[in-house]
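1. Sharing a sequence plus its predicted fold:
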Amino acid sequence: MIHFDQVSLQYPSTRTLALNRISTEVARGEFVYLIGHSGAGKSSFMSLLLKRALPTAGEVRVAGEPLGRYRGGRVSVLRRRMGIIFQENMLLPQLTAYQNVAFALRVTEAPRVSSLGSWNERVGTALRLVGLEHKRAALPHQLSQGEQQRVAIARAVVGAPALLLADEPTGNLDPENSRDVLRVLERVNESGTTVLVATHARELVESRRHRTLTLRRGELVRDDAGGGYQL
Ligand SMILES: Nc1ncnc2c1ncn2[C@@H]1O[C@H](COP(=O)(O)OP(=O)(O)OP(=O)(O)O)[C@@H](O)[C@H]1O
C-alpha cells in the first residue's frame with residue numbers, strides 16, 4: 001500500500017533534511033505506528049504521502065502507483081483515496097455529527113447511491129463504527145474531545161479509503177480518550193483499511209502492540225514487528 005524507496009526530503013527554505021534515505025513498505029491491511037520525537041520527521045512522512053511535499057530524492061508509491069504520476073487535478077484524486085485525521089479534529093462547528101460526516105461525501109461528490117449504500121446508510125455505518133450513532137444530532141461543542149475525534153474518524157472513513165493516515169490523533173486527548181481513539185482506529189483497520197498513525201506518544205503505542213516504525217532526526221532507525229494485544 002505504501003512504498004518508500006530511498007526517500008529524502010530537504011526543505012528548500014531552511015535546508016533541513018527532514019527525511020534521509022527512507023526505505024520501507026507498509027502492506028495492504030497493516031496497522032503501523034510511526035513514532036519519534038518532535039522534529040523527527042513524522043509529519044514530513046505524512047506530507048509526502050499526501051503530496052503536500054515532494055521528495056528531493058527517491059520515490060514514494062501508494063497502491064503501486066508512483067506519486068510523481070499524480071499531477072495537477074489528479075492530486076485531489078490521490079487525497080480522496082485516503083482518509084486523513086489530524087490532532088485538531090477540524091469539525092464544522094455549525095453542523096451536527098451526522099452532517100459533518102455527510103459533508104465528506106458531499107465535497108467528494110460521492111454518488112448518492114452506490115454499492116456501499118445510500119449516503120444515509122454510509123454515514124450511519126461510519127458513526128456506528130466509531131460508537132456514536134446515538135450522538136448523530138449533536139453539535140461538536142456538545143461532544144467531548146474524544147467523541148469529536150471519533151466523529152473526525154467517521155468523516156475520514158465514510159468514503160471507504162484504502163488508506164487512513166492519522167497525524168497525532170490523540171494529541172489533544174487524555175489517556176482514556178486516547179485509548180478509545182486507538183481502539184476505534186484498530187476497528188477501522190479490522191474492516192480492511194490500512195492504517196498509519198504518527199505519534200510521539202510512545203507509551204500509548206507500547207500498550208497496543210502493532211508494528212512500529214521509529215524515526216530519529218529524519219532516519220528510520222527501527223522497525224519493530226507487533227504481535228497480539230495488551231489491553
Ligand atoms: N515546511 C517546512 N519548512 C522547513 N522546515 C520544516 C518544515 N516542516 C518541517 N520542517 C523541519 O523538518 C524537520 C521534521 O519536521 P516534522 O514536522 O516532519 O517532524 P515531526 O516528527 O512531525 O515533529 P512533531 O512531532 O513536532 O510534529 C524539523 O526539523 C522541522 O523543523
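-> Alright, I've got the coordinates. Computed from a predicted structure; not experimentally measured.
2. For Q6, give me its contacts.
-> By C-beta atoms under 8 Å, 6 or more residues apart in numbering, Q6 lies in contact with 21-23, 57-59. (Each C-beta comes from the backbone N, C-alpha and C, glycine too.)
3. Quick check: pLDDT value at it.
-> pLDDT recorded at Q6 is 97.
4. what residues does this protein put near the ligand?
-> 11, 13-14, 16, 18, 36, 38-44, 200 (C-beta under 6 Å from any ligand atom).
5. Just the buried subset of those, written out for ChimeraX, thanks.
-> Buried residues among those (16 or more other C-beta atoms under 10 Å), as a ChimeraX selection:
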select :18,36,40,41,42,43,44
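6. Now for the residues of the chain next to the ligand: which two are most distant?
-> Farthest apart among these by C-beta to C-beta are S13 and H200. That separation is 23.6 Å.
7. before we move on, back to that, separate out the buried members of the contacts of Q6.
-> Here, 16+ other C-beta under 10 Å leaves 22, 58 buried among these.
8. Which residue ranges of the chain form strands?
-> Here the chain has its strands, by DSSP state E, at 2-10, 17-26, 31-35, 57-62, 65-66, 82-85, 113-114, 117-118, 163-167, 194-199, 211-216, 219-224.
9. And R155, how close does it get to K135?
-> Distance of R155 to K135, computed by C-beta to C-beta, to the nearest Å: 14 Å.
10. More neighbours: which of the two?
-> Between R155 and K135, counted using other C-beta atoms under 10 Å, the more crowded position is R155 (27 against 19).
11. pretty sure that one is in contact with V107, am I right?
-> No: between R155 and V107 there is no contact under C-beta atoms under 8 Å: 10.2 Å.
12. if we can go back for a sec, from the residues of the chain next to the ligand, which land in helices?
-> The helices, defined by DSSP state H, take in 42-44 from these.
13. got CSV for those residues, with pLDDT too?
-> Formatted as CSV, these follow (pLDDT from 0 to 100):
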residue, pLDDT
K42, 96
S43, 95
S44, 97
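14. Save those residues as CSV, and put in distance to V32 too.
-> Formatted as CSV, these follow (distance: C-beta to C-beta, whole Å):
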residue, distance to V32
K42, 12
S43, 16
S44, 16
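15. so what's the most centrally placed residue in the chain bridging to?
-> The residue lying closest to the centre of the chain (C-alpha atoms, centre = their mean) is L165, at 1.6 Å. L165 has these beta-bridge partners by DSSP bridges: I84, L196.
16. how near is it to the ligand?
-> Per C-beta to the nearest ligand atom, to the nearest Å, L165 is found 12 Å from the ligand.
17. Make sure that residue is actually in contact with L49.
-> Yes: under the criterion of C-beta under 8 Å, L165 makes contact with L49 at 6.2 Å.
18. joint contacts of these two?
-> Common contacts of L165 and L49 (C-beta under 8 Å, 6+ apart): 82, 196.
19. Other residues contacting the helix of greatest length in the chain?
-> Determined from DSSP H, the single longest helix within the chain is helix 175-190. For helix 175-190, the external contacting residues (C-beta under 8 Å, 6+ apart) are 29-31, 129-131, 144-146, 149-150, 153, 157, 164, 166, 169-170, 173, 195, 197, 201, 204, 207-208.
20. and those residues, which of them are in helices?
-> Secondary structure assignment by DSSP H places 129, 145-146, 149-150, 153, 157, 204 of the contacts of helix 175-190 in helices.
21. Pull out the buried members of those.
-> 129, 146, 149-150, 153, 157, 204.
22. Out of those, flag the one nearest to the ligand.
-> Closest approach to the ligand among these (C-beta to the nearest ligand atom): L204, at 13.8 Å.
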